[in-house]
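Q: make a model of this:
(2 chains)
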Number of protein chains: 2
Amino acid sequence: MAHGLNGDALTEFLINGNIDEINKLIQFIHPTDILLAISQYEGNIIDLFQNLSPNIIADIIDEAEDEDKYNLLSIHSEIIQKKIIHEMSSDELVDLLESVSEDEAKNIMIKMDKEDVDGVKELLTYPAESAGGIMATEFISVKENMTIGDTLVYLQKEAPEAETSYYIYVSDENHLLKGVISLRDIVVSSFDVRISDIMNSNAMSIPVDMDQEEVGHIFEKYGFLTMPVVNESMQILGIVTADDIMGILSDEHTEDLYRLAGLQEDEKVTGSLKASVSSRLPWLFVNLVTAIMAAATVSLFEGTIQKVVALATFMPIVAGMGGNAGTQTLTIIIRSIALGEIDAKNSKKILLKEFGVGLCTGVSVGIAVALLGWFWEKNVVFGVVIGLSMVLNMMAATISGFAVPVVLKKLDIDPALASAVFVTTVTDVLGFFFFLGLATLFLPFLV
Amino acid sequence: MAHGLNGDALTEFLINGNIDEINKLIQFIHPTDILLAISQYEGNIIDLFQNLSPNIIADIIDEAEDEDKYNLLSIHSEIIQKKIIHEMSSDELVDLLESVSEDEAKNIMIKMDKEDVDGVKELLTYPAESAGGIMATEFISVKENMTIGDTLVYLQKEAPEAETSYYIYVSDENHLLKGVISLRDIVVSSFDVRISDIMNSNAMSIPVDMDQEEVGHIFEKYGFLTMPVVNESMQILGIVTADDIMGILSDEHTEDLYRLAGLQEDEKVTGSLKASVSSRLPWLFVNLVTAIMAAATVSLFEGTIQKVVALATFMPIVAGMGGNAGTQTLTIIIRSIALGEIDAKNSKKILLKEFGVGLCTGVSVGIAVALLGWFWEKNVVFGVVIGLSMVLNMMAATISGFAVPVVLKKLDIDPALASAVFVTTVTDVLGFFFFLGLATLFLPFLV
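A: Residues are numbered from 1 along each chain as shown, chains lettered A, B, ... in the order given. The predicted model follows:
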């Protein structure tokens, strides 16, 4: 990885370094690295903060995980806390407030400036996972009739307070979004050029109520570094930057993976035993219901199994292979839904293809399993029964692997959350039903 | 979504629009939107290109999927193709060349300038999925002793040719990376300030041979918009930008999900039946081997099942619940490995926790299943047998769910690729072995 001061050397420097050196160098050390040093420090962590200024501490708190933010703030004296809070931007304050209990939030609010309280109260009206909930409100906008020279003077005055941005937005006196201009356009243009002559007047914007996952997909699709957030009247309210989006996309991906496996999104690999058990038990009990339904199906055919006990041996193959085929279809359909690749136009064609995939893979695997059953049991009808039930179950698997997430999506339920349990129920119950049912029909040829 | 010209209106504009209007407006329409219009157009797509300049066509080709790039180039006349190629940057050319056959690559190379051929040949020496394979070589670097005024003049001269970047890197005469400065620092500083006075001399950099997934995680972790790529001597070779990284992270997410389910990474939901079948069959046959091992385990106990046929009914519960518990642990461990959250220090603690999770969830689910078995079969020993085998199998599930991906990672095999099949084998084979083995031991109490 990239070199630089980190690990034990950084800890040593923060505790025993010369204060002037620290002040000079600390701005070039990423807060994420300081946070790592803090998490690995075995002494009292307040030692590491003694030489840091409030604005550096504010940056560190902003980078911290939600559950650590309040601790990192509250270890300081009331006076220092007030200074740290004063250094935080409104979206950072919102993140902090959303990570704490009601009492802790009150404790933070009384230390805030009036102006910050107003800004934060407005931001808190947007859902945390919407564009409004993730946008920064400290951004720079300029007017169309300014020249590049005017703009540079304005930036030298205003920019230090605002969120870092590669793009600057152009708005009119009513805050209506008129266009966008990049810092590069500014630095490569002569001083007397007007903003209106070089701005992109077709700037794309994000509605304030859009879900953060959809915002992420727009960033991915177009590769923007920043986008403006607007209300219904197209007034610019804030900006969203690609660095926030990368964190959101990563969290959404973890969420997809975890939901497919039935884990709570906030389970941490390094978390407590109690947290992990309570994250996993609900899904296990939901699946227990599925497993009991599968068992009930088998119990209908106990008489047949008693006569042909080899059926019990082959049961796991039919159900297991159906489960695998269902998971394959489910995964590709869920990912395509997330990426917006499935629409009303192509969904019929995709369903037909999955039907075909079920048939082709079912026939391939079915022939292999039929031969295995024939030779193992020395009975050709046994082979036909297991082969045929394999074809039927693989088709049930791919069709339900398509239909379940598509229907859940239509019902506005996250397909990643609930699809797996429905598809497994289908492949287990139908798998046992096809196999043991066919065996019962052909029983005279099997004993 | 964001408004602007797109869909049918865009198609209409490209075909029948006034050429001056098109030239004026096209730079403000994102190439991704033009690409979408092309994919939905039902006529001859060359119609849509007739009024577009070679540099716009180059942007469109750069945004296209790999398999479409060559088609979008080769529909033009040889002269236009040459102009389009001339407009592409070296990393865009490399992407194009890597997406085509050898003959097609030769056909493209003969249309390239000598200078581009040299740049491209160098880039092609880096693996496609390394930092060197994804970096752009058209970047701007300045010297430490330049003033902001000098820098602005230099940017006005050089920037139009270079990759858009929020950061400008500072290097010496031997191209050694000395620091970094943002465009914002430049626009907010007075003209006589020296670069050396305001640059960050602790710039983080990426080694040219780092895997693109790891590069993605560094961007996620630190939230950078651009990072410099360096060789072993710390000479700067190129830059990587966050917009490229977002696409890479999205592809890596798809790869993780697909590998867990046993799909080929390049399977497309809208692809052909043949492609889907050949993507899925290999994994299904690998799993068939697992299923046969599970069946072989059951066959060892056919004598016991013959005597207590209710064992067949409860078999799916033991194996299925073990599979679910194994998938939960597997998913959280694979994700943590990808995010770098597991190291030598904490892995023992995590293993112990997973042992505890297996025990606790096993006991909870085991008690429920034991009661079910007791009442269903009216036999308390039957309940004890299934409950106890459930506890043992859930512990086998969480321990193998931890151990399998960790060991695969140590062997440099992607844990997402092969873990699921090993863990399922463990939970199926051991599940049946515990359940039917215990039943055989306690057989006198069950009949």
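Q: list the contacts for A:S279?
A: A:L263, A:Q264, A:D266, A:E267 (Cβ atoms under 8 Å, 6 or more residues apart in numbering or on different chains). The C-beta positions use only the backbone N, C-alpha and C, and glycine is treated the same way.
Q: part of a helix, is the first one?
A: No: residue assignment for A:L263, taken from DSSP: H, G, I helix; E, B strand; the rest coil, gives coil, which places it outside any helix.
Q: was I right about it contacting A:R280?
A: Yes: in this structure, A:L263 is within contact of A:R280 by Cβ atoms under 8 Å, at 6.4 Å.
Q: quick one: which of the two has more around it?
A: Counted by other Cβ atoms under 10 Å in any protein chain shown, A:L263 and A:R280 do not tie: A:R280 has more neighbours, with 25 against 22.
Q: phi first, then psi, for that one.
A: phi -100, psi -30 (degrees, to the nearest 10).
Q: which one is it nearest to, not counting chain neighbours?
A: What sits nearest to A:R280 in space, not counting adjacent residues and going by Cβ to Cβ, 6 or more residues apart in numbering or on different chains, is B:Q328, at 5.2 Å.
Q: ok, the one you found touching A:L260?
A: No: under the criterion of Cβ under 8 Å, B:Q328 is not in contact with A:L260, lying 10.3 Å apart.
Q: which of these two has more neighbours?
A: Taking neighbours as other Cβ under 10 Å, B:Q328 and A:L260 compare with B:Q328 leading, 26 against 22.
Q: give the contact list for that one.
A: Listed by Cβ under 8 Å, 6+ apart, the contact set of B:Q328 reads A:A261, A:G262, A:L263, A:R280, A:W283, A:L284, B:T398, B:G401.
Q: surely it is within a helix?
A: Yes: assigned with three-state DSSP, B:Q328 falls within a helix.
Q: relative to A:E265, how far out is the one residue sitting closest to the centre of chain A?
A: Centroid-nearest residue in chain A: A:E252, 0.6 Å away (criterion: Cα atoms, centre = their mean). As judged by Cβ to Cβ, to the nearest Å, A:E252 and A:E265 stand 10 Å apart.
Q: for A:L257, same thing?
A: For A:L257, the distance to A:E265 - Cβ to Cβ - is 10 Å.
Q: check A:I195 too.
A: For A:I195 relative to A:E265 (Cβ to Cβ), the value is 43 Å.
Q: more neighbours: those two, which one.
A: The residue with more neighbours, out of A:I195 and A:E265, is A:I195; 23 against 13, by other Cβ under 10 Å.
Q: do the helix or strand hosting A:L25 and chain B come into contact?
A: Following DSSP states H and E, one finds A:L25 within helix A:19-25. Yes: Helix A:19-25 is in contact with chain B by Cβ under 8 Å from any Cβ of the partner chain, via A:L25.
Q: what sits up against that helix?
A: Applying Cβ under 8 Å, 6+ apart, the contact partners of helix A:19-25 are A:L5, A:F13, A:L14, A:N51, A:L52, A:S53, B:N202.
Q: most neighbours of all those residues, which one?
A: A:L14 (22 neighbours).
Q: skip the chain neighbours and tell me the closest residue to it.
A: A:L48 (4.8 Å).
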